[in-house]
Each structure stands twice: as structure tokens, then as C-alpha cells.
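Peer 1: Pasting the sequence and the predicted coordinates here, then a few questions.
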Amino acid sequence: MKRKLEINGQEIEIELISKSSDKVKFLFDGQEYVFELKSDSAGEILLVDQHNKNYKLYAKDGLIDSSKGQFKIKKVQRTIQSNDKAANSSLIAPLPGKVVKVLLKVGDEVKDGQEILHIEAMKMEHRICAEMNGVLKSIKVKVGDSVTDGQVLGEID
Amino acid sequence: MGLKKFKRILIANRGEIAVRIINTCREMGIETVVASTPPDAGSLFIELADYCHEFESSELKETYLNSQAMLNVAKKYKCDAIHPGYGFLSENALFAKSCAQAKITFIGPSSETIDLMGDKIQARAAIEKIGIPLLVAHTNPNPKELKKLLKKNDYPVLIKASAGGGGRGMRIVQNEKELASALESASREAENAFGDKTVYVERYLQNCRHIEVQVLSDLHRNHLHLFERECSIQRRHQKVIEEAPSSSLNEKQREAICEAAVKITQNINYQNAGTIEFLWSNGEFFFLEMNTRLQVEHPVTEQITGVDIVKLQILIAQGEELSIKQSDLKINGHAIEARIYAEDPSRNFLPTAGTVNHIGRCNLPNVRVETSFQNGCSVTTEYDSMIAKVAAHSSTRTEASQKLNTALKSLPFSGIVNNRTFLMKVLENKNFIKGKTFTSFIEENPELLANEDIPAEIIAAFLLASSKQTKSQSTNISNPWLNS
């Protein structure tokens, strides 16, 4: 079974040959790998490969840390096109913070790249801009609101 | 002024710098008091201090930025002195003045000096008088008049907060069109960060280095420098990697820039520790600003000189005369520091939040890991996103850099998106290794943000951990240091 994964923004394909709860066999970049899960204690993971080599990693919600660095990893969803559209028409908070300024109101015409609101986090201001031309259909937040990473702040039609 | 030994010091700060100051106080037999807010829960500085005042609020204006609240804590615990650390009230002249009025020693320069250097426009005028070169600046923030003053060739220009530092309230403006909006947002950011929205505009130098000189002055007109640090590697105008000494200066240039710094401290009769920042471009240096406080990156200077800057700050504040002379100070080897930030390099270094699951351990000799985080601590958006700094000292720059990289490998700070991989890539970058470190380093080395090789074990860990996701999510994070 072929599977697509996105790792640190890079899309890769693997072929999953077999998988149980503590063993996985897959093809990646033309090579076959077998890994066994020795232990998983609160995200602290110990793996051993087919050459009996040990790996210690830390995993939490698609974030994996090892001595080689940090890797953000997720499955690539098949409905890419509709996701793209949603991402463009929705204004998404790219980080957690506080809304400090809303520059436009519902019904205003917006141009691709136009600033719509400002979020402040850790004393820095971040501008949230339109990613398409259109009309501002909704604004779901007001000045002073706290927002979380990924929260939908408004929509453009 | 009569000598008095401090018995108890309030550290009007939090996080790693509070830990740093506590360590020296303990070594000197001085008791420490800190103040904490709810997001600080589990932080090491609370555990290490002798006393901790707990603020109920986590609003900055009611806590770490509130002079009166901090003074009240100092009075309540009968502190002799206050160490402000960096940020927060450290460059607040009114706070320094209120401390003096309350007969509590402010460990830093006089309020007049903070005032003079804190107002970047006033500071520039003072520096110009001394004859130190600086970049031409426009101090009139009126967009319409500025538009007329600035010719097409003057761009790009840099907008900076008059009361600022640390990159806040800073904007690079590429052309006339961007000017008005950038001025407005810079001054709002400045007002939020410093309570003063005044900004000024200066020429933006390309291909330059950020070089700063650590200075130290006592109350008896002895003015020393502890050589320079280079902090050119910055993102969003905030430092990421700092080193001492700079690899770009020859002995003559080093002497010139360090002497310029001492000339400034002599002229303004500076007291205590400070840093004079310069831009260095093609053999020329320009005064940038003076920070009248301890800096984040002071450990690299301590490593190459063997001096405990915090200890000397305390001794100076007690009225003691510096026991070291300029001729005693020598550069020993090379030190490099990396700042671990809770931020996402792949998303323009945006701050992240979450819980630190596993910090890791580093037992390398001559490596300082400075953090107040413990496993299980939360990173919130209330405070600066720096979660740790790691500084490595060795006999050569190459060795120090390799050692720092090794240290970073063993400190995952897992569970929260952070810039560790990015830092490791910087240390391995060929231009960094050659010492080609300009303030534009990150933009000029886009491969730092490019795709990396993906180790197969990462994929395996994802596939195997995800099947147990529900289980590991509900498990409590084990924390060897917290008694919960």
C-alpha cells in the first residue's frame, strides 16, 4: 500500500509492506526498512532496525525529535484540492496570540495580499493577509480576543 | 559612599536569566527573592530562589512590567538590592529612580544614564558629540515629511523604536509605498513593547556585521571593556547565534572598536555592566545603541575572559572598586552561543506554544545550558519565545562550533516546535564555518530552510507511534524534577 507523508513540508512516498502494533516494514527511496518498537513510554520511543541498531526518539502529535533534529510529520490527505480552496478563502491564525487590530469589516472588498488583521504574540505583531481577491464574508474575532494556532478568523468569498 | 554587603536581592525577572543570577548570588552567599506568575508554574527559577512571591495575575502590566508591584515585593522581603536582568524593567529609568528613593540599590547604571541611553535619539546626540561615527538618521516620524526627505536611493531604510531594543518595533522599508504602513505598525509595536511609540528612520546597511563591546565600569571611574561579541546571525532582527571574539576583526580593529566603547563609558561616566552595539561594514564601524543592562549573550564573554559579569555587577553596586585592570584581561579561546526558541523556522520563525516533554541532558565540559524549563513546563505566548541558550567554549572557533552542535543534538526540547534543527544547520553551514556571517546571513543562505534528508527511523517512529497515539496522549508526562 502506497502512502504519502509530509515531513517538514516535504512530500514523500513510502510503500507500506506490513505493519503491526510493534513492527513495521516499508520501502522508502528504493530501500526496504524493518523497524521494531521496543518501548513507547509517554512518547519516548525506542526502535530497533533490521541490523539491530537502536534509535531513541521522542514523539508527540506528529512532532518527532531525535539527535538528527526535529521533524514535523503528517499524512497527506487525498482531498488536496478542496483543502486548498478552504485554506485560501479562510483566514487562519498562523500562531497563537491576541488580536490587536482588525483593519476591514464584513462586506469590504479585499485584494490578494491585503492586510486584514494583526495578531500579537510574544510582543511581536503578525499581519494576517488575504490569499485571494474577493469580499470579506465574515470576521469571527474582535480586538482583544485570544486565538489559537489554526483557528479560522474569517472568510473571504 | 560607604560599602555595604547585600544580604538579599530581588531578581525582578523570570526564566533562564533569573536562574543565572540566582546561581551567582548563591555562590556569594546572598539570598534571592523572585516573583512568579501562573504561566511560570514548574519553572526552575522558582525552585532555586530562597523566596518566591506569587503574582495572581499573568498580565505584564500588573507584574514584571510594573515598577510599583516589584518594589512592593522588594520591600515585603526586605531586599537590599534589585537585579533587573534583561528586558522588563531593566532599562526603565523611572524604576531605577524609584528604587533609589526607596533606598534599595538598583543593580545597574544611574537612572540618568538609563534615560540618556534609553532614548535612542538623545543617545545618538550624545555619541555624536564624543566623536564616535554613527549612521545618519531621520528623527521625524511624520510619513509625509519623511517621504519628501528620503530619495529613491536612500532605500532600503530601517525604522527603529526610540525606546527599543531586541528587534521590536523594527521594520525594513524597501520603498516609498511601504513607508506609511510600516511606520504605523512599528510605532504600535513599540508602544506595546516599551510604552513609547516614538520611532526613527536610518539607512539600512547591507553586508554588515553586528559587533558589540561588553563594558564594565565601577563607581570610582574605572572603565573596562571585556572585548567584543559578534551577533550577526539574526532572524527578524533578533539574535540567534552569538560568538566571542568576532572572527572578522584583526587586533588593530579590535582595539579601535573596544577603545571607542570605553571612550563612551568614560564620557557618560557609566556605572555597572553594559553593552555598546556597533554595525561593522567593510572596515568601518557605526554606533548603533547602548544597552544599559546585562545581555542574553553575556555567557560567551564570560567564557573567553573567565569573568563572572553578574558577580562584578553586584560588587560594583555594593560600591566596591574593580579589582581587575584592563591589562589583566585576555581573550582565551572562542565561545559560541545558540538560542533555542519556541518557534517554527519553516513558517517564518513564528512563535509556537505547547509543553516541553523532554529537554535532554548535556554533560560536555565547558558547555553552559541555561534554561528555566523542566520537563513538563509549558511555553505560553505571554513571554519571549526563547526557551534556552547553549554556549560552548573551546580553544578554537571550529572546535567550539562542533561542541555546540554536539550539545544541541542531545537537547531535543521535544514536544514543542523549536528551532534546534535550524541552529544545527547554521553551525554546519559552509559560510558560517568560513566566518562569513553578515546580518543578512539567514536570507543569503536559503539552504538553511531547505528540505533535509529524512532518516527512515523518523518514518518508522511516526507509523508506530501513531497507532498508540490515543494511549500516549492520555498518559501523564513523567517529570523527574517535579513533585506532583
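Peer 2: Noted; the coordinates are in hand. Residues are numbered from 1 along each chain as shown, chains lettered A, B, ... in the order given.
Peer 1: worst-scoring helix or strand of the chain, pLDDT-wise?
Peer 2: Picking chain A for this. Among the helices and strands of chain A, helix A:80-89 carries the lowest confidence by mean pLDDT, DSSP states H and E, at a mean of 52.
Peer 1: not what I meant, chain B
Peer 2: One helix or strand of chain B scores below all others by mean pLDDT, DSSP H and E: helix B:469-474, with a mean of 39.
Peer 1: Quick check: which ranges of chain B have low pLDDT?
Peer 2: Low-confidence regions of chain B, defined by pLDDT under 70, span residues B:1-2, B:140-141, B:164-167, B:466-484.
Peer 1: how far away is the residue lying closest to B:R14 once chain neighbours are set aside from B:S410?
Peer 2: Once its chain neighbours are removed from consideration, B:R14 has its nearest residue in B:D40; the separation is 5.7 Å (CB to CB, 6 or more residues apart in numbering or on different chains). In short, each C-beta sits where N, CA and C put it, glycine included. B:D40 sits 26 Å away from B:S410, taking CB to CB, to the nearest Å as the criterion.
Peer 1: how about the strands of the stretch 351-484 of chain B, start to end?
Peer 2: Ranges of strands in the stretch 351-484 of chain B, per DSSP state E, counting those that start in this stretch, are B:354-355, B:367-370, B:378-379, B:386-394.
Peer 1: packing partners for the last one?
Peer 2: The reference is to strand B:386-394. Contacts of strand B:386-394 with other secondary structure elements, assessed using 3 or more CB pairs under 8 Å, 6 or more residues apart in numbering or on different chains; DSSP states H and E, are made with helix B:15-27, helix B:298-305, strand B:334-341, strand B:367-370, helix B:397-409.
Peer 1: Repeat the analysis, applying 6 Å as the threshold.
Peer 2: Counting contacts by 3 or more CB pairs under 6 Å, 6 or more residues apart in numbering or on different chains; DSSP states H and E, strand B:386-394 packs against helix B:298-305, strand B:334-341, strand B:367-370, helix B:397-409.
Peer 1: Between B:D40 and B:S410, tell me which one has more neighbours.
Peer 2: Shown here are B:D40 and B:S410; by other CB atoms under 10 Å in any protein chain shown, B:D40 has more neighbours (27 against 16).
Peer 1: how many neighbours does the closest residue to B:E284 other than its chain neighbours have?
Peer 2: Leaving aside its chain neighbours, B:E284 sits nearest to B:P133 (7.0 Å; criterion: CB to CB, 6+ apart). Residue crowding around B:P133 was assessed by other CB under 10 Å; the count is 13.
Peer 1: was I right about B:P133 contacting B:F286?
Peer 2: Yes: with contact taken as CB atoms under 6 Å, B:P133 and B:F286 are classed as touching, separated by 5.3 Å.
Peer 1: Quick check: beta-bridge partners of B:A392?
Peer 2: For B:A392, the beta-bridge partners are B:I336, B:V367 (DSSP bridges).
Peer 1: Contacts only, for it.
Peer 2: Listed by CB atoms under 6 Å, 6 or more residues apart in numbering or on different chains, the contact partners of B:A392 are B:I336, B:V367, B:A400, B:K403, B:L404, B:A407.
Peer 1: thought the fifth one was touching B:I336?
Peer 2: Read it as B:L404. Yes: the pair B:L404 and B:I336 passes the contact test of CB under 6 Å, sitting 5.1 Å apart.
Peer 1: Just the element for B:E230, please.
Peer 2: When elements are assigned from DSSP states H and E, B:E230 belongs to strand B:223-235.
Peer 1: Would you map the helices across the stretch 201-350 of chain B?
Peer 2: Residue ranges of the helices in the stretch 201-350 of chain B, as given by DSSP state H, counting those that start in this stretch, are B:251-267, B:298-305, B:309-317.
Peer 1: and the shortest one, what other elements does it pack with?
Peer 2: Using 3+ CB pairs under 6 Å, 6+ apart as the contact definition, the elements that helix B:298-305 packs against are strand B:223-235, strand B:238-244, strand B:334-341, strand B:386-394.
Peer 1: can you list contacts of that helix?
Peer 2: Residues outside helix B:298-305 that contact it (CB under 6 Å, 6+ apart) are B:214, B:226, B:229, B:242, B:244, B:309, B:329, B:331-332, B:335, B:337, B:368, B:391, B:393.
Peer 1: how about the residues of chain A near chain B?
Peer 2: Chain A comes close to chain B at residues A:7, A:9-10, A:21, A:24, A:28, A:33, A:35, A:37, A:40, A:42-43, A:45, A:47, A:55, A:57-60, A:64-65, A:67-71, A:73, A:94-97, A:121-123, A:125, as judged by CB under 6 Å from any CB of the partner chain.
Peer 1: any chance of the helices and strands packed on strand B:386-394 in a markdown table, plus mean neighbour count?
Peer 2: Rendered in a markdown table, the data for the helices and strands packed on strand B:386-394 read as follows (neighbours: other CB atoms under 10 Å in any protein chain shown):
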| stretch | mean neighbour count |
| --- | --- |
| helix B:298-305 | 24 |
| strand B:334-341 | 26 |
| strand B:367-370 | 20 |
| helix B:397-409 | 20 |
